[in-house]
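> Pasting a predicted model and its sequence here:
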Amino acid sequence: MRIGAEDPIKLTTPLDDADVVSLRSGDRVRIHGFIYTARDAAHARLIELIREGGPLPFSLEGQVIYYAGPAPARPGMAVGPCGPTTSYRMDAYAPALIEHGLRGMIGKGSRGEAVKEAMRRHRAVYFAAVGGAAALLSRRVRACELVAYEDLGPEAIYRLQVEDFPVVVINDIYGGDLYEAGLQHYRRDRRDNR
Amino acid sequence: MREIHVSEIIEAVRALCIEANCSIGDDVMGALDTALEIEESEQGREAIRQVIENNRIARDALIPSCQDTGLAVVFVELGQEVHIAGGLLYDAINEGVRRGYSEGYLRKSVVRDPLRRENTGDNTPAFIHLSLVPGDRLTIMVAPKGAGSENMSRVAMLSPSAGEDGVKDFVVETVRLAGPNPCPPVVVGVGIGGAFEVAAFLAKRALLRPLGEKNREPFYARMEDELLGMINDLGIGPQGFGGRVTALGVHIEVMPCHIASLPVAVNLNCHASRHKTIVL
(Lines give C-alpha, C1' and ligand atoms only; values in the text may rest on other atoms or scores of the structure.)
Protein backbone atom coordinates (compact mmCIF):
# COMPACT_ATOMS: atom_id res chain seq x y z
CA MET A 1 0.00 0.00 0.00
CA ARG A 2 1.29 3.45 -0.81
CA ILE A 3 0.08 5.86 1.82
CA GLY A 4 -0.52 8.59 -0.71
CA ALA A 5 1.94 11.25 0.41
CA GLU A 6 3.35 11.55 -3.10
CA ASP A 7 1.83 13.67 -5.83
CA PRO A 8 -1.09 12.10 -7.68
CA ILE A 9 -0.37 10.04 -10.79
CA LYS A 10 -1.81 11.42 -14.03
CA LEU A 11 -3.53 8.85 -16.27
CA THR A 12 -5.10 9.42 -19.67
CA THR A 13 -7.83 7.13 -20.99
CA PRO A 14 -8.05 4.73 -22.73
CA LEU A 15 -5.72 2.84 -20.40
CA ASP A 16 -3.08 0.51 -21.76
CA ASP A 17 -1.38 -2.48 -20.20
CA ALA A 18 1.57 -0.40 -18.97
CA ASP A 19 -0.77 1.95 -17.09
CA VAL A 20 -2.54 -0.87 -15.30
CA VAL A 21 0.67 -2.74 -14.47
CA SER A 22 2.20 0.39 -12.94
CA LEU A 23 -0.63 1.06 -10.49
CA ARG A 24 -0.62 -0.02 -6.87
CA SER A 25 -3.34 -0.08 -4.26
CA GLY A 26 -3.31 3.25 -2.40
CA ASP A 27 -2.05 5.33 -5.34
CA ARG A 28 -3.78 8.65 -5.79
CA VAL A 29 -4.65 9.19 -9.45
CA ARG A 30 -6.03 12.02 -11.57
CA ILE A 31 -7.87 10.80 -14.67
CA HIS A 32 -7.97 12.75 -17.93
CA GLY A 33 -9.94 11.83 -21.05
CA PHE A 34 -13.21 9.97 -21.50
CA ILE A 35 -14.97 7.70 -19.05
CA TYR A 36 -18.37 6.00 -19.43
CA THR A 37 -21.13 6.03 -16.83
CA ALA A 38 -23.04 2.78 -16.31
CA ARG A 39 -24.87 1.42 -13.30
CA ASP A 40 -27.29 -1.37 -12.45
CA ALA A 41 -29.80 -1.36 -15.32
CA ALA A 42 -27.24 -0.39 -17.99
CA HIS A 43 -24.98 -3.23 -16.88
CA ALA A 44 -27.84 -5.70 -17.18
CA ARG A 45 -28.39 -4.58 -20.78
CA LEU A 46 -24.68 -4.72 -21.69
CA ILE A 47 -24.46 -8.28 -20.37
CA GLU A 48 -27.57 -9.26 -22.30
CA LEU A 49 -25.91 -7.94 -25.49
CA ILE A 50 -22.70 -9.86 -24.77
CA ARG A 51 -24.75 -13.03 -24.24
CA GLU A 52 -26.52 -12.50 -27.56
CA GLY A 53 -23.21 -11.73 -29.31
CA GLY A 54 -24.51 -8.36 -30.48
CA PRO A 55 -22.37 -5.23 -30.81
CA LEU A 56 -22.07 -3.07 -27.69
CA PRO A 57 -23.02 0.63 -27.78
CA PHE A 58 -19.33 1.46 -27.27
CA SER A 59 -16.10 -0.51 -27.42
CA LEU A 60 -14.87 -1.60 -23.99
CA GLU A 61 -11.25 -1.87 -25.12
CA GLY A 62 -9.02 0.00 -22.65
CA GLN A 63 -11.99 1.91 -21.28
CA VAL A 64 -12.99 2.94 -17.79
CA ILE A 65 -16.58 2.59 -16.55
CA TYR A 66 -17.77 4.98 -13.86
CA TYR A 67 -20.53 3.60 -11.64
CA ALA A 68 -22.58 6.78 -11.52
CA GLY A 69 -26.04 8.11 -12.20
CA PRO A 70 -25.74 11.89 -12.41
CA ALA A 71 -28.42 14.26 -11.19
CA PRO A 72 -29.86 16.51 -13.94
CA ALA A 73 -27.59 19.36 -15.03
CA ARG A 74 -28.57 22.91 -14.29
CA PRO A 75 -28.46 25.10 -17.41
CA GLY A 76 -24.85 26.00 -18.14
CA MET A 77 -23.38 22.93 -16.43
CA ALA A 78 -21.81 20.10 -18.46
CA VAL A 79 -23.27 17.54 -16.09
CA GLY A 80 -25.21 17.45 -12.84
CA PRO A 81 -23.69 16.25 -9.58
CA CYS A 82 -22.10 12.87 -10.30
CA GLY A 83 -20.51 11.00 -7.41
CA PRO A 84 -19.87 7.25 -7.43
CA THR A 85 -22.55 4.72 -6.53
CA THR A 86 -21.84 1.58 -4.49
CA SER A 87 -19.96 -0.94 -6.63
CA TYR A 88 -20.95 -4.34 -5.22
CA ARG A 89 -24.24 -4.20 -7.15
CA MET A 90 -22.22 -4.39 -10.37
CA ASP A 91 -20.16 -7.40 -9.19
CA ALA A 92 -22.42 -9.85 -11.00
CA TYR A 93 -21.67 -8.15 -14.31
CA ALA A 94 -18.11 -6.83 -13.99
CA PRO A 95 -16.08 -10.00 -14.77
CA ALA A 96 -17.70 -10.38 -18.21
CA LEU A 97 -16.96 -6.75 -19.07
CA ILE A 98 -13.36 -7.10 -17.90
CA GLU A 99 -13.00 -10.17 -20.15
CA HIS A 100 -14.22 -7.99 -23.02
CA GLY A 101 -11.50 -5.39 -22.61
CA LEU A 102 -12.60 -3.14 -19.74
CA ARG A 103 -9.46 -1.84 -18.00
CA GLY A 104 -10.83 0.23 -15.17
CA MET A 105 -13.84 0.77 -12.93
CA ILE A 106 -14.59 3.74 -10.70
CA GLY A 107 -17.03 3.36 -7.82
CA LYS A 108 -17.04 3.11 -4.06
CA GLY A 109 -17.06 0.18 -1.66
CA SER A 110 -15.67 -3.35 -1.72
CA ARG A 111 -15.64 -5.77 -4.66
CA GLY A 112 -16.34 -9.49 -4.60
CA GLU A 113 -13.69 -12.17 -5.07
CA ALA A 114 -14.79 -12.99 -8.64
CA VAL A 115 -14.26 -9.38 -9.71
CA LYS A 116 -10.83 -9.22 -8.08
CA GLU A 117 -9.89 -12.50 -9.76
CA ALA A 118 -10.99 -11.20 -13.17
CA MET A 119 -8.97 -8.03 -12.55
CA ARG A 120 -5.84 -10.05 -11.77
CA ARG A 121 -6.29 -12.40 -14.73
CA HIS A 122 -7.19 -9.85 -17.40
CA ARG A 123 -5.35 -6.86 -15.93
CA ALA A 124 -7.82 -4.25 -14.82
CA VAL A 125 -7.88 -1.87 -11.89
CA TYR A 126 -10.58 -0.68 -9.49
CA PHE A 127 -10.59 2.95 -8.39
CA ALA A 128 -12.72 4.69 -5.75
CA ALA A 129 -13.90 8.25 -5.99
CA VAL A 130 -15.12 9.94 -2.81
CA GLY A 131 -18.73 8.94 -2.26
CA GLY A 132 -21.01 11.92 -1.89
CA ALA A 133 -18.51 14.38 -3.39
CA ALA A 134 -20.84 14.76 -6.35
CA ALA A 135 -20.78 18.54 -6.66
CA LEU A 136 -17.00 18.64 -6.51
CA LEU A 137 -16.62 15.82 -9.04
CA SER A 138 -19.06 17.44 -11.47
CA ARG A 139 -16.65 20.39 -11.68
CA ARG A 140 -14.05 18.04 -13.19
CA VAL A 141 -16.35 17.08 -16.06
CA ARG A 142 -15.93 19.17 -19.21
CA ALA A 143 -18.53 17.52 -21.42
CA CYS A 144 -21.24 14.89 -21.21
CA GLU A 145 -22.75 13.04 -24.15
CA LEU A 146 -25.52 10.43 -24.16
CA VAL A 147 -24.26 7.09 -25.54
CA ALA A 148 -27.16 4.69 -24.95
CA TYR A 149 -30.32 3.79 -23.04
CA GLU A 150 -31.87 7.25 -22.67
CA ASP A 151 -35.03 5.53 -21.41
CA LEU A 152 -33.17 4.52 -18.23
CA GLY A 153 -33.00 8.15 -17.12
CA PRO A 154 -30.26 8.52 -14.52
CA GLU A 155 -29.08 5.00 -15.37
CA ALA A 156 -28.35 5.78 -19.05
CA ILE A 157 -24.80 5.45 -20.39
CA TYR A 158 -23.04 8.81 -20.78
CA ARG A 159 -19.56 9.57 -22.07
CA LEU A 160 -17.94 12.08 -19.74
CA GLN A 161 -14.91 14.10 -20.72
CA VAL A 162 -13.00 14.55 -17.48
CA GLU A 163 -10.00 16.57 -16.41
CA ASP A 164 -8.10 16.00 -13.21
CA PHE A 165 -10.75 13.57 -11.94
CA PRO A 166 -9.58 12.48 -8.45
CA VAL A 167 -9.62 8.76 -7.61
CA VAL A 168 -7.67 6.31 -5.44
CA VAL A 169 -6.59 2.82 -6.48
CA ILE A 170 -8.39 0.30 -4.27
CA ASN A 171 -7.60 -2.99 -6.04
CA ASP A 172 -4.53 -3.49 -8.23
CA ILE A 173 -3.61 -6.53 -10.32
CA TYR A 174 -1.27 -7.82 -7.61
CA GLY A 175 -3.97 -8.52 -5.02
CA GLY A 176 -3.51 -5.22 -3.17
CA ASP A 177 -6.67 -3.90 -1.50
CA LEU A 178 -6.66 -0.47 0.14
CA TYR A 179 -9.81 -1.22 2.15
CA GLU A 180 -8.21 -4.29 3.75
CA ALA A 181 -4.85 -2.59 4.27
CA GLY A 182 -6.50 0.45 5.86
CA LEU A 183 -8.52 -1.74 8.23
CA GLN A 184 -5.47 -3.72 9.29
CA HIS A 185 -3.52 -0.55 9.94
CA TYR A 186 -6.13 1.33 11.94
CA ARG A 187 -8.24 -1.34 13.67
CA ARG A 188 -8.01 -1.28 17.46
CA ASP A 189 -8.99 -4.45 19.26
CA ARG A 190 -10.39 -3.85 22.68
CA ARG A 191 -11.99 -6.31 25.02
CA ASP A 192 -15.54 -5.11 24.48
CA ASN A 193 -15.09 -4.95 20.71
CA ARG A 194 -16.19 -8.49 20.02
CA MET B 1 -59.56 25.53 14.29
CA ARG B 2 -56.66 26.98 12.31
CA GLU B 3 -56.75 26.57 8.57
CA ILE B 4 -53.70 25.80 6.44
CA HIS B 5 -54.18 25.71 2.68
CA VAL B 6 -52.54 22.94 0.67
CA SER B 7 -50.84 25.53 -1.57
CA GLU B 8 -48.75 26.57 1.42
CA ILE B 9 -47.80 22.95 2.10
CA ILE B 10 -46.88 22.30 -1.54
CA GLU B 11 -44.58 25.31 -1.60
CA ALA B 12 -42.99 24.42 1.74
CA VAL B 13 -42.23 20.83 0.69
CA ARG B 14 -40.90 21.99 -2.69
CA ALA B 15 -38.46 24.37 -1.00
CA LEU B 16 -37.44 21.84 1.68
CA CYS B 17 -36.57 19.18 -0.91
CA ILE B 18 -34.19 21.57 -2.66
CA GLU B 19 -32.70 23.04 0.50
CA ALA B 20 -32.14 19.69 2.19
CA ASN B 21 -30.31 18.31 -0.83
CA CYS B 22 -28.16 21.34 -1.59
CA SER B 23 -27.30 22.65 1.83
CA ILE B 24 -25.73 20.30 4.37
CA GLY B 25 -26.54 21.50 7.90
CA ASP B 26 -24.09 23.33 10.14
CA ASP B 27 -24.17 20.44 12.62
CA VAL B 28 -22.78 18.05 9.98
CA MET B 29 -20.29 20.61 8.67
CA GLY B 30 -19.03 21.14 12.22
CA ALA B 31 -18.68 17.39 12.76
CA LEU B 32 -16.68 17.09 9.53
CA ASP B 33 -14.32 19.88 10.66
CA THR B 34 -13.77 18.00 13.92
CA ALA B 35 -13.24 14.75 12.01
CA LEU B 36 -10.53 16.42 9.93
CA GLU B 37 -8.76 17.47 13.11
CA ILE B 38 -8.72 14.02 14.71
CA GLU B 39 -8.25 11.83 11.64
CA GLU B 40 -4.76 10.33 11.45
CA SER B 41 -4.94 8.64 8.05
CA GLU B 42 -3.73 10.83 5.18
CA GLN B 43 -6.09 9.08 2.72
CA GLY B 44 -8.92 9.61 5.20
CA ARG B 45 -8.08 13.28 5.65
CA GLU B 46 -8.02 13.80 1.89
CA ALA B 47 -11.48 12.22 1.64
CA ILE B 48 -12.86 14.50 4.37
CA ARG B 49 -11.28 17.54 2.72
CA GLN B 50 -13.03 16.63 -0.55
CA VAL B 51 -16.36 16.21 1.26
CA ILE B 52 -16.06 19.60 3.02
CA GLU B 53 -15.14 21.35 -0.24
CA ASN B 54 -17.96 19.49 -1.98
CA ASN B 55 -20.52 20.68 0.54
CA ARG B 56 -19.36 24.28 0.15
CA ILE B 57 -19.63 24.06 -3.65
CA ALA B 58 -23.13 22.60 -3.32
CA ARG B 59 -24.32 25.34 -0.95
CA ASP B 60 -22.85 28.17 -3.02
CA ALA B 61 -24.03 26.91 -6.42
CA LEU B 62 -27.34 25.51 -5.13
CA ILE B 63 -26.67 22.08 -6.61
CA PRO B 64 -27.14 18.78 -4.77
CA SER B 65 -24.18 17.76 -2.62
CA CYS B 66 -24.74 14.13 -3.65
CA GLN B 67 -26.15 12.85 -6.93
CA ASP B 68 -28.30 10.42 -4.95
CA THR B 69 -30.93 12.91 -3.87
CA GLY B 70 -32.72 9.98 -2.37
CA LEU B 71 -36.18 8.86 -1.48
CA ALA B 72 -38.18 11.78 -0.13
CA VAL B 73 -38.83 10.71 3.45
CA VAL B 74 -41.18 13.20 5.08
CA PHE B 75 -41.94 13.40 8.79
CA VAL B 76 -45.10 15.35 9.53
CA GLU B 77 -46.43 16.49 12.89
CA LEU B 78 -49.98 17.65 12.47
CA GLY B 79 -51.53 19.65 15.29
CA GLN B 80 -55.04 18.38 15.92
CA GLU B 81 -56.36 21.96 15.89
CA VAL B 82 -55.34 22.28 12.21
CA HIS B 83 -57.69 21.92 9.30
CA ILE B 84 -56.08 21.24 5.93
CA ALA B 85 -57.99 23.21 3.32
CA GLY B 86 -58.13 22.91 -0.44
CA GLY B 87 -57.18 19.26 -0.80
CA LEU B 88 -55.52 16.26 0.81
CA LEU B 89 -52.37 16.50 2.93
CA TYR B 90 -50.71 13.49 1.26
CA ASP B 91 -51.46 14.82 -2.23
CA ALA B 92 -49.99 18.19 -1.29
CA ILE B 93 -46.78 16.60 0.02
CA ASN B 94 -46.40 14.52 -3.13
CA GLU B 95 -46.98 17.57 -5.29
CA GLY B 96 -44.32 19.44 -3.33
CA VAL B 97 -41.88 16.57 -3.89
CA ARG B 98 -42.75 16.47 -7.60
CA ARG B 99 -42.04 20.21 -7.98
CA GLY B 100 -38.98 20.24 -5.76
CA TYR B 101 -37.27 17.36 -7.54
CA SER B 102 -38.08 18.77 -10.96
CA GLU B 103 -37.40 22.48 -10.37
CA GLY B 104 -34.36 21.81 -8.18
CA TYR B 105 -32.65 19.54 -10.74
CA LEU B 106 -32.66 16.69 -8.24
CA ARG B 107 -32.28 13.09 -9.39
CA LYS B 108 -35.40 11.02 -9.80
CA SER B 109 -34.48 7.79 -8.08
CA VAL B 110 -37.80 6.06 -7.50
CA VAL B 111 -39.17 3.09 -9.47
CA ARG B 112 -42.89 2.39 -9.50
CA ASP B 113 -42.60 -1.33 -8.83
CA PRO B 114 -39.77 -3.05 -6.96
CA LEU B 115 -39.39 -5.83 -9.53
CA ARG B 116 -40.51 -4.27 -12.80
CA ARG B 117 -38.54 -1.09 -12.07
CA GLU B 118 -39.98 1.68 -14.20
CA ASN B 119 -38.89 5.12 -13.00
CA THR B 120 -41.81 7.26 -11.80
CA GLY B 121 -40.03 10.28 -13.30
CA ASP B 122 -40.83 12.68 -10.47
CA ASN B 123 -39.40 10.96 -7.39
CA THR B 124 -42.85 10.29 -5.95
CA PRO B 125 -44.28 8.74 -3.94
CA ALA B 126 -42.91 10.41 -0.85
CA PHE B 127 -42.65 8.17 2.21
CA ILE B 128 -44.68 9.99 4.82
CA HIS B 129 -44.63 9.44 8.57
CA LEU B 130 -47.56 11.31 10.07
CA SER B 131 -48.10 11.90 13.75
CA LEU B 132 -50.93 13.77 15.37
CA VAL B 133 -49.81 16.24 18.06
CA PRO B 134 -51.47 18.84 20.26
CA GLY B 135 -51.75 22.43 19.03
CA ASP B 136 -52.43 24.33 15.82
CA ARG B 137 -49.10 23.96 14.02
CA LEU B 138 -47.98 21.81 11.13
CA THR B 139 -44.33 20.74 11.25
CA ILE B 140 -42.82 19.23 8.12
CA MET B 141 -39.37 17.69 7.95
CA VAL B 142 -37.96 16.47 4.65
CA ALA B 143 -35.13 13.94 4.98
CA PRO B 144 -33.87 12.70 1.59
CA LYS B 145 -32.34 9.24 2.04
CA GLY B 146 -29.86 7.74 -0.39
CA ALA B 147 -29.65 4.03 -1.10
CA GLY B 148 -25.94 3.48 -0.50
CA SER B 149 -26.36 3.75 3.26
CA GLU B 150 -29.98 2.57 3.38
CA ASN B 151 -28.95 -0.75 1.79
CA MET B 152 -26.48 -1.42 4.61
CA SER B 153 -29.10 -1.04 7.36
CA ARG B 154 -30.35 -4.02 9.40
CA VAL B 155 -33.01 -5.06 11.87
CA ALA B 156 -32.86 -7.90 14.41
CA MET B 157 -35.28 -9.46 16.86
CA LEU B 158 -32.95 -10.24 19.76
CA SER B 159 -33.82 -12.27 22.82
CA PRO B 160 -34.20 -10.13 25.97
CA SER B 161 -31.29 -12.10 27.47
CA ALA B 162 -29.00 -10.52 24.87
CA GLY B 163 -29.28 -7.28 26.85
CA GLU B 164 -27.18 -4.18 26.34
CA ASP B 165 -24.13 -6.10 25.13
CA GLY B 166 -26.21 -7.94 22.54
CA VAL B 167 -27.55 -4.67 21.21
CA LYS B 168 -24.07 -3.15 21.06
CA ASP B 169 -22.69 -6.18 19.25
CA PHE B 170 -25.43 -5.96 16.63
CA VAL B 171 -24.86 -2.24 16.07
CA VAL B 172 -21.07 -2.53 15.76
CA GLU B 173 -21.38 -5.62 13.54
CA THR B 174 -23.76 -3.76 11.23
CA VAL B 175 -21.23 -0.97 10.72
CA ARG B 176 -18.39 -3.48 10.31
CA LEU B 177 -20.29 -5.43 7.64
CA ALA B 178 -21.18 -2.20 5.83
CA GLY B 179 -17.47 -1.32 5.62
CA PRO B 180 -16.76 1.30 2.94
CA ASN B 181 -20.13 0.91 1.18
CA PRO B 182 -22.32 3.48 2.98
CA CYS B 183 -19.91 6.45 2.48
CA PRO B 184 -18.33 6.73 5.91
CA PRO B 185 -17.96 8.64 8.12
CA VAL B 186 -21.54 7.58 8.82
CA VAL B 187 -24.24 8.68 11.21
CA VAL B 188 -25.66 5.65 13.01
CA GLY B 189 -29.35 5.65 13.89
CA VAL B 190 -30.32 2.97 16.42
CA GLY B 191 -33.88 2.05 17.34
CA ILE B 192 -34.34 -0.19 20.37
CA GLY B 193 -37.67 -1.61 21.50
CA GLY B 194 -41.17 -1.20 20.17
CA ALA B 195 -41.94 -3.96 17.69
CA PHE B 196 -40.42 -5.13 14.39
CA GLU B 197 -41.57 -2.12 12.35
CA VAL B 198 -41.33 0.35 15.23
CA ALA B 199 -37.62 -0.31 15.80
CA ALA B 200 -36.88 0.49 12.14
CA PHE B 201 -38.91 3.68 12.34
CA LEU B 202 -37.11 4.72 15.54
CA ALA B 203 -33.72 4.10 13.91
CA LYS B 204 -34.62 6.36 11.02
CA ARG B 205 -36.07 9.03 13.29
CA ALA B 206 -32.88 8.93 15.36
CA LEU B 207 -30.96 10.15 12.32
CA LEU B 208 -32.93 13.41 12.36
CA ARG B 209 -31.55 14.55 15.70
CA PRO B 210 -28.90 17.26 15.16
CA LEU B 211 -25.38 15.81 15.34
CA GLY B 212 -23.85 16.44 18.74
CA GLU B 213 -27.17 16.33 20.57
CA LYS B 214 -27.27 13.32 22.86
CA ASN B 215 -30.14 11.18 24.07
CA ARG B 216 -31.85 12.94 26.99
CA GLU B 217 -31.48 9.92 29.25
CA PRO B 218 -27.95 9.64 30.69
CA PHE B 219 -28.11 5.83 30.37
CA TYR B 220 -28.57 6.02 26.60
CA ALA B 221 -26.28 9.05 26.21
CA ARG B 222 -23.50 6.96 27.73
CA MET B 223 -24.34 4.07 25.44
CA GLU B 224 -24.16 6.40 22.43
CA ASP B 225 -20.65 7.47 23.47
CA GLU B 226 -19.53 3.89 24.05
CA LEU B 227 -20.88 2.75 20.70
CA LEU B 228 -19.18 5.64 18.91
CA GLY B 229 -15.87 4.60 20.47
CA MET B 230 -16.37 0.94 19.52
CA ILE B 231 -17.33 1.87 15.95
CA ASN B 232 -14.36 4.20 15.52
CA ASP B 233 -12.06 1.44 16.78
CA LEU B 234 -13.10 -0.66 13.77
CA GLY B 235 -10.58 1.32 11.68
CA ILE B 236 -12.81 1.58 8.60
CA GLY B 237 -12.18 5.32 8.42
CA PRO B 238 -13.44 7.96 6.00
CA GLN B 239 -14.62 6.29 2.77
CA GLY B 240 -13.27 3.00 4.12
CA PHE B 241 -9.70 4.08 3.33
CA GLY B 242 -8.73 3.24 6.91
CA GLY B 243 -8.64 5.68 9.80
CA ARG B 244 -9.96 6.87 13.13
CA VAL B 245 -13.27 8.42 12.08
CA THR B 246 -15.75 5.80 10.90
CA ALA B 247 -18.82 7.51 12.41
CA LEU B 248 -19.65 11.13 13.17
CA GLY B 249 -22.28 10.19 15.72
CA VAL B 250 -24.51 7.48 17.16
CA HIS B 251 -28.12 8.37 17.97
CA ILE B 252 -30.31 5.98 19.96
CA GLU B 253 -34.10 6.16 20.24
CA VAL B 254 -36.04 3.75 22.45
CA MET B 255 -39.63 2.62 23.05
CA PRO B 256 -41.37 0.20 25.41
CA CYS B 257 -41.59 -3.37 24.11
CA HIS B 258 -43.09 -6.82 24.76
CA ILE B 259 -41.78 -8.89 27.70
CA ALA B 260 -40.49 -11.47 25.22
CA SER B 261 -38.93 -9.07 22.72
CA LEU B 262 -35.82 -6.98 22.19
CA PRO B 263 -36.10 -5.51 18.70
CA VAL B 264 -33.14 -3.48 17.47
CA ALA B 265 -32.69 -1.69 14.18
CA VAL B 266 -29.72 0.15 12.73
CA ASN B 267 -30.35 2.72 10.02
CA LEU B 268 -27.09 3.99 8.57
CA ASN B 269 -26.71 7.42 7.03
CA CYS B 270 -23.77 8.57 4.97
CA HIS B 271 -21.88 11.75 5.86
CA ALA B 272 -24.49 13.62 3.76
CA SER B 273 -26.98 13.57 6.62
CA ARG B 274 -29.77 15.69 5.19
CA HIS B 275 -32.88 17.09 6.81
CA LYS B 276 -34.69 20.41 6.76
CA THR B 277 -37.70 21.46 8.82
CA ILE B 278 -40.40 24.07 8.56
CA VAL B 279 -43.18 24.92 11.01
CA LEU B 280 -46.35 26.29 9.44
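Now that the structure is in, tell me what you want to look at. Residues are numbered from 1 along each chain as shown, chains lettered A, B, ... in the order given.

> For chain A, what is the nearest residue in the stretch 101-250 of chain B?
Nearest to chain A, among the residues of the stretch 101-250 of chain B, is residue B:242, at 1.9 Å (Cβ to the nearest Cβ). All C-beta spots, glycine's among them, are computed from the backbone N, C-alpha and C.

> Show the contacting residues for the closest residue to that residue other than its chain neighbours.
Leaving aside its sequence neighbours, residue B:242 sits nearest to residue A:182 (Cβ to Cβ, 6 or more residues apart in numbering or on different chains; 1.9 Å). Shown in contact with residue A:182 (Cβ atoms under 8 Å, 6 or more residues apart in numbering or on different chains): A:1, B:41, B:43-44, B:235-237, B:240-243.

> Greatest separation within these: which pair is it?
A:1 and B:236 (15.3 Å; Cβ to Cβ).

> neighbour-wise, which of these two wins?
residue B:236 (31 against 19; other Cβ atoms under 10 Å in any protein chain shown).

> Three-state assignment for the more buried one, please.
coil (DSSP: H, G, I helix; E, B strand; the rest coil).

> State the distance from it to residue A:185.
11 Å (Cβ to Cβ, to the nearest Å).

> can you check residue B:48 too?
17 Å.

> Test my guess that residue B:147 contacts residue B:66.
No. If you go by Cβ atoms under 8 Å, residue B:147 and residue B:66 don't touch, sitting 10.9 Å apart.

> what are the ranges of the helices in chain A?
Using DSSP state H, the helices of chain A run over A:17-22, A:40-52, A:94-99, A:113-122, A:134-138, A:178-186.

> tell me the most buried of these?
helix A:134-138 (a mean of 28; mean count of other Cβ atoms under 10 Å in any protein chain shown).

> Show me what that helix is packed against.
Where contact means 3 or more Cβ pairs under 8 Å, 6 or more residues apart in numbering or on different chains; DSSP states H and E, helix A:134-138 is packed against helix B:42-61.

> Distance from the chain centre to the helix it packs on, please.
20 Å (Cα atoms, centre = their mean, to the nearest Å).

> and that helix, what does it pack onto?
Right, helix B:42-61 is packed against helix A:134-138, helix A:178-186, helix B:26-38 by 3+ Cβ pairs under 8 Å, 6+ apart.

> how about the ones you listed in TSV, adding mean pLDDT?
Formatted as TSV, the helices and strands packed on helix B:42-61 follow (pLDDT from 0 to 100):
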stretch	mean pLDDT
helix A:134-138	97
helix A:178-186	96
helix B:26-38	97
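
> Among those helices, which comes closest to residue B:1?
helix B:26-38 (35.6 Å).

> So which residues on the stretch 1-150 of chain B come close to chain A?
Counting by Cβ under 8 Å from any Cβ of the partner chain, the residues of the stretch 1-150 of chain B close to chain A are B:40-44, B:46-47, B:50-51, B:53-55, B:57-58, B:61, B:63-69, B:105-109, B:117, B:119, B:121, B:147-148.

> Could you pick out the buried ones from the residues you listed?
B:41-44, B:46-47, B:50-51, B:54-55, B:57-58, B:63-69, B:105-109, B:119, B:148 (16 or more other Cβ atoms under 10 Å in any protein chain shown).

> Just want the most central residue of chain B.
residue B:207 (4.3 Å; Cα atoms, centre = their mean).

> tell me the contacts of it?
Residue B:207 sits in contact with B:143, B:187, B:189, B:251, B:267, B:269, B:273, B:275, where contact means Cβ under 8 Å, 6+ apart.

> switch the cut-off to 6 Å
Neighbouring residues of residue B:207 by Cβ atoms under 6 Å, 6 or more residues apart in numbering or on different chains: B:187, B:189, B:269.
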